[in-house]
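Enquirer: output the structure for:
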Amino acid sequence: MNSVPTYKGIEPGPVRFERADESPDSSPRWLVTRYDDVVEALNHPDLRMKGFRPDDSAECSFSRLVDKEHGSGEELTATEILRSQVFFVFDPPVHERVRKQVVRYFNAKRLAELRPRVQQIADELLDAIAARDKVDLVETFAFPLPVHVLCEVLNIPEPIRTRLLTREEGSKPVIPIEVAQPAAVELIETRRREPIDDDMISTLVAAHEEGKVSCAELHALPLILFIAGYLTTVHMIGSSVLTLLQNPDQLAELREDPTLIPAATDELLRYVGSVSSVSRFAREDLEIGGTAIPKGSHVRVVMNSANRDPAMFSDPDGLDLHRGGHGLAFGHGINYCLGSHLAKVELEVALGTVLHRFPELALAEPAQVGELEAGVLGVERLVVWLKATADPA
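Expert: Numbers count the residues shown, from 1 in each chain. Here you go, the predicted model:
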């Protein structure tokens, strides 16, 4: 079987320390890579999202995540939360308070009911490109699909939706911060004036008025969703299609038996997950996998290495659509991905629809999954032939 690299040479192994001159970002750090060790790290109460900088760690490159005061962090500014880049940056007890306000909007039953709308969006996007021979599937499908779905989940009005979806040709598949920030403010103010029953942003506005959510959290949460609430799915759609095209035997089997789509989606999440690693910071001296890690350390927890751990998975570098289970693609413990059910729905619909609509889909330009930024894997462009009649020369 062919294998698509999903991490930069980090093989599963014992917890180990990387000096500044050894790490990709010149930051000294501890690496956690084995499956059991990663689970332990993600569950450890003294490994937290936000770090503090003791006197002996002036080289810490993650200073933007440093608490104003060790042990505080109840109130973060919107800028501080935004710069953390992920919704689940909050540590306990803030984590539980904030997550409680929105978790019901991401439950499996609610998102399963959204599937027909996701299917409709996918069909409309593919209708728009069906007559073309060659397209960038990221630009025309993998990016707009999750953004449209996020707009549905958040009940975003059409004028704001249009701005979020507008991209310059050839630009990266992201919503720019200069677009996202005013859109988030406008959405909050719209829902303050015109609340909607059973609506996430209306719920957050009401929670703020009741003192359950701070002003900074109210303004940061929609903004973070605009920035992070779709991007991992964009990358997963692109990486998954590319991986299947690079594994033709597996692709042929999936085409013959579309009922394999849910299991195939799980395996692709394990095999080429878009969130490859996360940072944690040791609040106290602790031990992971039998290795002592001192207080104040930066710890990089590498889920994609764990998902290739031979102690957990047979033939871990092989793509097996019958394997079942997505490993640690959505994390573990209290920070398990809030949007995992939504991501699964989107991925299943996206893959099933693309493969059905374009049975002769083929790569038109070389592409490879790579690290687009620290801890995030994907492809920024995926140029494909939609029809075998197109000249691949």
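
Enquirer: so what's the residue count around residue 381?
Expert: 14 (other CB atoms under 10 Å). In this view, the C-beta of every residue, glycine as well, is placed from N, C-alpha and C.

Enquirer: I figured it hits residue 142, correct?
Expert: No - with contact defined as CB atoms under 8 Å, residue 381 does not reach residue 142; the gap is 10.1 Å.

Enquirer: all strands of the stretch 51-200 of the chain, in order?
Expert: When assigned using DSSP state E, counting those that start in this stretch, the strands of the stretch 51-200 of the chain occupy the ranges 134-136.

Enquirer: residue ranges with poor pLDDT in it?
Expert: Within the stretch 51-200 of the chain, the stretches with pLDDT under 70 are 51-96.

Enquirer: what about residue 372, helix or strand, and which?
Expert: Under DSSP states H and E, the secondary-structure element containing residue 372 is strand 370-373.

Enquirer: which element follows that strand toward the C-terminus?
Expert: Towards the C-terminus, the helix or strand next in line after strand 370-373, according to DSSP H and E, is strand 376-378.

Enquirer: show me what secondary structure element comes after that next one.
Expert: Stepping forward along the backbone from strand 376-378, the first helix or strand reached (DSSP H and E) is strand 383-385.

Enquirer: list the helices and strands that following strand packs on?
Expert: With contacts defined as 3 or more CB pairs under 8 Å, 6 or more residues apart in numbering; DSSP states H and E, the packing partners of strand 383-385 are strand 134-136, strand 362-363.

Enquirer: now those in JSON lines, with distance to residue 181 and mean neighbour count?
Expert: As requested, these are arranged in JSON lines below (distance: least, CB to CB, whole Å; neighbours: other CB atoms under 10 Å):
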{"stretch": "strand 134-136", "distance to residue 181": "27", "mean neighbour count": "19"}
{"stretch": "strand 362-363", "distance to residue 181": "36", "mean neighbour count": "15"}
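
Enquirer: got a markdown table for these, with distance to residue 317 too?
Expert: Conversion of those to a markdown table gives the following (distance: least, CB to CB, whole Å):
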| stretch | distance to residue 317 |
| --- | --- |
| strand 134-136 | 28 |
| strand 362-363 | 21 |
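
Enquirer: of those, which is nearest residue 118?
Expert: Taking CB to CB as the measure, the helices and strands packed on strand 383-385 were each checked against residue 118, and strand 134-136 came out nearest at 20.2 Å.

Enquirer: how close does the spatially most central residue of the chain sit to residue 264?
Expert: To find the centre residue of the chain, average its C-alpha atoms and take the closest one (CA atoms, centre = their mean): that gives residue 232, at 3.0 Å. Distance, residue 232 to residue 264, by CB to CB, to the nearest Å: 18 Å.

Enquirer: what about residue 376, how many residues nearby?
Expert: Under the neighbour criterion other CB under 10 Å, residue 376 is assigned a count of 17.

Enquirer: just list whatever residues bridge to it.
Expert: Using DSSP bridges, the beta-bridge partners of residue 376 come out as residue 275, residue 373.

Enquirer: show the contacting residues for it.
Expert: By CB atoms under 8 Å, 6 or more residues apart in numbering, the residues touching residue 376 are 231, 232, 235, 274, 275, 276.

Enquirer: show me where pLDDT drops low in the stretch 201-350 of the chain?
Expert: Going by pLDDT under 70, which is the cut-off in play, the stretch 201-350 of the chain has no low-confidence ranges.

Enquirer: which residue ranges form the helices in the stretch 201-350 of the chain?
Expert: Along the stretch 201-350 of the chain, the stretches classed as helices by DSSP state H, counting those that start in this stretch are 215-228, 231-245, 248-256, 261-272, 303-306, 340-357.

Enquirer: so for residue 105, which of these sits nearest?
Expert: For the helices of the stretch 201-350 of the chain, distance to residue 105 was read as CB to CB. The smallest value, 9.4 Å, belongs to helix 340-357.

Enquirer: helix, strand or coil for residue 26?
Expert: For residue 26, the secondary structure call by DSSP: H, G, I helix; E, B strand; the rest coil comes out as coil.

Enquirer: burial measure for residue 163, as a count.
Expert: 15.

Enquirer: kindly report the same for residue 127.
Expert: With other CB under 10 Å as criterion, residue 127 counts 10.

Enquirer: next: residue 290.
Expert: So residue 290, with other CB under 10 Å, has 8 neighbours.

Enquirer: residues contacting it?
Expert: Taking CB under 8 Å, 6+ apart as the criterion, residue 290 is in contact with 14, 15.

Enquirer: and for the one 3 residues further on?
Expert: Contacts for residue 293 (CB under 8 Å, 6+ apart) come out as 15, 30, 282, 285, 286, 287, 299.

Enquirer: one more time with 10 Å, if that's ok
Expert: With contact set as CB atoms under 10 Å, 6 or more residues apart in numbering, residue 293 has these partners: 15, 17, 30, 32, 41, 44, 46-47, 280, 282, 284-287, 299.

Enquirer: same question, residue 326
Expert: When contacts are taken as CB under 10 Å, 6+ apart, residue 326 is in contact with 263, 265-271, 273, 307, 340, 343-344, 347.

Enquirer: nearest residue to it other than its sequence neighbours?
Expert: Spatial nearest neighbour of residue 326, excluding adjacent residues (CB to CB, 6 or more residues apart in numbering): residue 269 at 3.8 Å.

Enquirer: quick one: the one you found and residue 343 touch, right?
Expert: Yes - under the contact definition of CB atoms under 10 Å, residue 269 touches residue 343, with a separation of 8.2 Å.
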